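# quick one: sequence and predicted model below, then my questions.
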Amino acid sequence: MDIHEFTKQIEGEFEDVEPGTLTPTTNYREIKSWSSMYALIVIAFVDANFDVQLSADDLRNSQTIEDIYKIVMSKKSS
């Protein structure tokens, strides 16, 4: 999966985000509905789709969707 498909799928996890509005450089924390609930949703999404365990520190140390993607890809290849 490339970064654009990853972004599109992450976007689908947010109920109030219009399709096509997020980009890899979007700071996901600035999404209006971002909350700890969405953090758990992103963690579950990554686990279910990539079999990768994101930690709270992984999210805390990232800001953009691309940052999350890079973390997932690095853990997946480990």
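Yep, that arrived. Numbering: from 1, shown residues only.
# report the contact partners of the closest residue to Asn27 other than its chain neighbours.
Leaving aside its sequence neighbours, Asn27 sits nearest to Gln63 (C-beta to C-beta, 6 or more residues apart in numbering; 5.1 Å). To be clear about C-beta, it is placed using only N, CA and C from the backbone, and glycine gets the same treatment. Contacts for Gln63 (C-beta atoms under 8 Å, 6 or more residues apart in numbering) come out as 27-29.
# run the last query once more with 10 Å
25-30 (C-beta atoms under 10 Å, 6 or more residues apart in numbering).
# and it, what are its phi and psi?
Main-chain torsions, Gln63, degrees, to the nearest 10: phi -130, psi -30.
# now, among the contacts of Gln63, which is nearest to Glu13?
Distances from Glu13 to those, taken as C-beta to C-beta, are shortest for Tyr28 (10.3 Å).
# could I get the contacts of Gln63 in CSV, plus columns for distance to Val42 and secondary structure?
Formatted as CSV, these follow (distance: C-beta to C-beta, whole Å; DSSP: H, G, I helix; E, B strand; the rest coil):
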residue, distance to Val42, secondary structure
Thr25, 17, coil
Thr26, 13, coil
Asn27, 14, strand
Tyr28, 8, helix
Arg29, 11, helix
Glu30, 14, helix
